[in-house]
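Asker: Here's a sequence, model it:
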Amino acid sequence: MDRIYNGMPAKLLGTEGWRKPWSGGNGGSCVEAMKLRDGRVALRQSTDPDGPVLICSHLEIQRFIQGVKSGAADFLLV
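Answerer: Take a look at the predicted model:
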């Protein structure tokens, strides 16, 4: 894959390597993640595996995870 970009169809990234780190008892709807060779992370919706992907840099995903762990996203739960 020469060009990986936000909004590209997930099917262009293939079917191997997708993981469900946030799955749980939600009826099968979850976020899937794939670590790309250049260190970026691709995210897709499990119920739409051919749909668009969100591409995050290593730093962006690192800050997101750190923020979630510190409670910065707790406002989304209320």
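Asker: Spit out the contact partners of the spatially most central residue of the chain.
Answerer: Closest residue to the average C-alpha location of the chain: Leu43 at 2.1 Å, with C-alpha atoms, centre = their mean. Applying C-beta atoms under 8 Å, 6 or more residues apart in numbering, we find Leu43 in contact with 31-33, 53-56. C-beta coordinates here come from the backbone N, C-alpha and C atoms, glycine included.
Asker: Now it. Nearest residue, chain neighbours left out?
Answerer: Once flanking residues are discounted, Leu43 sits nearest to Leu54: 4.5 Å by C-beta to C-beta, 6 or more residues apart in numbering.
Asker: returning to that earlier point: any idea how far Ile61 is from the residue nearest to the centre of the chain?
Answerer: Per C-beta to C-beta, to the nearest Å, Leu43 is found 9 Å from Ile61.
Asker: Quick one: the helices in the chain, in order.
Answerer: 58-70 (DSSP state H).
Asker: Low-confidence ranges, it, go.
Answerer: Counting by pLDDT under 70, the chain has low-confidence residues at 1, 23-28.
Asker: What is the neighbour count of the residue nearest to Arg19 when sequence neighbours are not counted?
Answerer: Using C-beta to C-beta, 6+ apart and skipping the chain neighbours, the partner closest in space to Arg19 is Ala33 (5.7 Å). Neighbour count for Ala33, taken as other C-beta atoms under 10 Å: 19.
Asker: If Ala33 is in a bridge, with which residues?
Answerer: Arg19, Leu43 (DSSP bridges).
Asker: picking that back up, please list all residues in contact with the residue nearest to Leu43.
Answerer: Shown in contact with Leu54 (C-beta under 8 Å, 6+ apart): 6, 42-44.
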